[in-house]
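*Asks:* Quick one, fold the following:
(chains A and B)
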Amino acid sequence: MTEEITHPLCREEEIGSTVSDCETGSSPSSDFAKTTSTGVDTAADKFITKPAIDDVCCGPPAGPASSPSERPGYRLEHFVEDFVQTPAGSVPRVKTTLDSKDLQGTFLVRCGIGRNDYKIAPGLYCTGNPGPESPVLVTANYKLSFDSLRGKIDTLDTWLLVLDTRGINVWCAAGKGTFSTGEVIHRVKMTGLEKIVQHRRLVLPQLSATGVAAHQVKKGCGFKVVWGPVRAEDLKSFLDSGMKVEESMRRVTFSLPERLVLIPVELSFIPKYLLWSIIAIFLLSGIGVDIFSFKAAWFRGLMLAIACAAGIFAGAMAAPALLPWIPMRSFSLKGAITGLAAGLVIVWLFRGWTNGWESLALLVCTGAISSYLAMNFTGSTPFTSPSGVEKEMRKAIPVQAAAVLVTVGLWILASFA
Amino acid sequence: MKDFRYLPGVSTLKLDSETCTGCGMCTLVCPHGVIALEHKKAKILDHDGCMECGACSTNCPVDAISVTPGVGCAAYIIQTWYKGKEAASCGGPACC
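*Replies:* Numbers count the residues shown, from 1 in each chain, chains lettered A, B, ... in the order given. A predicted model of the protein is given here:
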């Protein structure tokens, strides 16, 4: 922990990986080489700093030399430009344009891959050439949050105070209590911010207000909280206008692109149920007059599996995308509507191979799955109240469970009909 | 957000006008413009627009606003039903 204080910019790495990751002259192994044999040391230096032009070694030429900013036991983040010296130590200056590595990371977490460990070291960073009067912008250490902030800063000179929200975004962290009054005060003191800036103002994203009490921050560290806009893209006009926030910058939105970008993560929750569901579907479909038929298990199982897939599409993709245009307020009903619509398409597609019982089962099945998944989307929206979600769930879950039982009953019954 | 309305009459948001000093902090932090200042007192304009995030009550210096804040997430609420409020967590650690 104390190591992190002196170098807030660098992520701690395991000692073992340091030697291989940063083959610098200052790494423990090279230092050791220096003291024991100078011959070894100069040869190693040549190899690292100059490309192997004489092709003595196999493989491609060696890469560039390590940055002088690298420290053993830490990794220099690719988004750090250089370091600014301040009365409270050196502060990393970060790039305000995102590169392909950032975009690749964004793409993966948006798909739900590595989302729980996408964070940067908390502490103080900066952009441009900040001075004692430059604004201090506070954010979360979820890299997606940090990137969306620095990507919108452009050429502004700012200090960025990154809190340890455990890699969680601003609003969720505020709700979970990691973007908190205590953490703001703690991080201000730990970074020695009062030695770096003359003013006593912190710009916090408005959505962190759920976890941060402005009046207590002032009491705790002497800094006044200024509530910034909800979205990072409004920061520039907020700062340019002398920290004035337009009404529209204070409101959350949930536009079509904002909803679409959430869909892959919704889908990423599904695979954990997939294997057991598929086994259940095929076992269920084989039951019939022959006790168990593999042919029926395959053929009828495939139809039921396709109906389930349609339910997933309707509930986890169509319902979020079409949200404001689907009638009803309850998400489980919105999901039931898109699910039944998808179910009708499935019934029509399979009309040549199914009897009436089977058609009904396919319809109920897509409706139930879609209803359940759409209900789960409440957690990703910025407007559903927990009291409301609980109210709708108490009504919807018994119906959804009953619908699953009805599907199972009808599907078995149909094979005897 | 007028296009996005959720179930009416459920929010636990309460405002005590007697205690309110009219500082206006709640009107700044509310992400849905539920509260506004009228005659130097806060007033709930759109009770059904409240999503119970708790920003207003956290930032009220005189505790004039109360709301039971929480996560409006089905997966989380299901867990509170069988694990209890303390042990429940929705999705992974980074999920809201």
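*Asks:* Now do the lengthiest helix in chain A: which elements does it pack against?
*Replies:* Counting residues, the longest helix in chain A under DSSP state H turns out to be helix A:386-416. Helices and strands touching helix A:386-416, by 3 or more C-beta pairs under 8 Å, 6 or more residues apart in numbering or on different chains; DSSP states H and E, are helix A:271-286, strand A:287-288, helix A:294-312, helix A:331-349, helix A:356-376, helix B:74-83. (Glycine included, C-beta is placed from N, CA and C.)
*Asks:* Just give the number of residues close to A:R200.
*Replies:* A count of nearby residues for A:R200, using other C-beta atoms under 10 Å in any protein chain shown, gives 14.
*Asks:* So it sits against A:K224, correct?
*Replies:* Yes: contact criterion C-beta atoms under 8 Å: A:R200 and A:K224 qualify, at 5.9 Å.
*Asks:* which SS class is A:K195?
*Replies:* With DSSP: H, G, I helix; E, B strand; the rest coil as the basis, A:K195 sits in helix.
*Asks:* so what's it scoring on pLDDT?
*Replies:* pLDDT, A:K195: 95.
*Asks:* Which residue lies nearest the spatial centre of chain B?
*Replies:* B:E52 (2.3 Å; C-alpha atoms, centre = their mean).
*Asks:* Give me the secondary structure label for that one.
*Replies:* Three-state call for B:E52 (three-state DSSP): coil.
*Asks:* where's it relative to B:L13, distance?
*Replies:* 7 Å (C-beta to C-beta, to the nearest Å).
*Asks:* By mean pLDDT, flag the weakest helix or strand of chain B.
*Replies:* The helix or strand of chain B with the poorest confidence is helix B:74-83; it has a mean of 79 (mean pLDDT, DSSP states H and E).
*Asks:* Keeping just the C-alphas, turn that one into CSV.
*Replies:* Presented in CSV, the C-alpha positions along helix B:74-83 are these (Å, rounded to 0.1, in the frame of the first residue of the first chain):
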residue,chain,number,x,y,z
ALA,B,74,-34.0,-7.9,-10.3
ALA,B,75,-31.0,-10.2,-9.8
TYR,B,76,-30.1,-8.3,-6.6
ILE,B,77,-33.6,-8.3,-5.3
ILE,B,78,-34.0,-12.0,-5.8
GLN,B,79,-30.9,-12.5,-3.8
THR,B,80,-32.2,-10.4,-0.9
TRP,B,81,-35.2,-12.6,-0.8
TYR,B,82,-33.3,-15.8,0.0
LYS,B,83,-29.9,-14.6,1.3
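*Asks:* How many residues are close by the closest residue to chain B within chain A?
*Replies:* Here chain A gets closest to chain B at one residue, A:G379, 2.7 Å apart by C-beta to the nearest C-beta. As a burial measure, A:G379 scores 23 neighbours (other C-beta under 10 Å).
*Asks:* hang on, it in a helix?
*Replies:* Yes: assessed by three-state DSSP, A:G379 belongs to a helix.
*Asks:* Could you find the closest non-adjacent residue to it?
*Replies:* B:C73 (2.7 Å; C-beta to C-beta, 6 or more residues apart in numbering or on different chains).
*Asks:* for the closest residue to chain A within chain B, phi and psi?
*Replies:* Going by C-beta to the nearest C-beta, chain A is nearest to B:C73 of chain B, at 2.7 Å. Here is the backbone geometry of B:C73 (degrees, to the nearest 10): phi -130, psi 130.
*Asks:* contact partners of the one helix or strand A:V84 maps to?
*Replies:* Using DSSP states H and E, A:V84 maps to strand A:80-86. Strand A:80-86 has contacts (C-beta atoms under 8 Å, 6 or more residues apart in numbering or on different chains) with A:9, A:69, A:90-95, A:126, A:129-130, A:195-196.
*Asks:* how about it: buried residues?
*Replies:* Neighbour-count burial for strand A:80-86 flags A:80, A:83-84, A:86 (criterion: 16 or more other C-beta atoms under 10 Å in any protein chain shown).
*Asks:* Run through the stretch 51-200 of chain A and note the low-pLDDT ranges.
*Replies:* Filtered on pLDDT under 70, the stretch 51-200 of chain A yields the residue ranges A:51-57.
*Asks:* Mind doing that once more with 80?
*Replies:* A:51-60 (pLDDT under 80).
*Asks:* Do a quick rundown of the strands in it.
*Replies:* Remark: strands assigned in the stretch 51-200 of chain A by DSSP state E, counting those that start in this stretch are A:74-75, A:80-86, A:89-94, A:123-127, A:136-139, A:158-162.
*Asks:* on that earlier part again, look up how far A:L103 lies from the residue of chain A closest to chain B.
*Replies:* Distance, A:G379 to A:L103, using C-beta to C-beta: 26 Å.
*Asks:* swap in A:T127?
*Replies:* Applying C-beta to C-beta, the value for A:T127 to A:L103 is 19 Å.
*Asks:* who has more neighbours, those two?
*Replies:* Neighbours per residue (other C-beta under 10 Å) separate A:T127 from A:L103, with A:T127 holding more: 22 against 11.
*Asks:* The more buried one: what's it in contact with?
*Replies:* Each residue near A:T127 by C-beta under 8 Å, 6+ apart is listed here: A:93-94, A:96, A:150, A:153, A:156-158, A:160.
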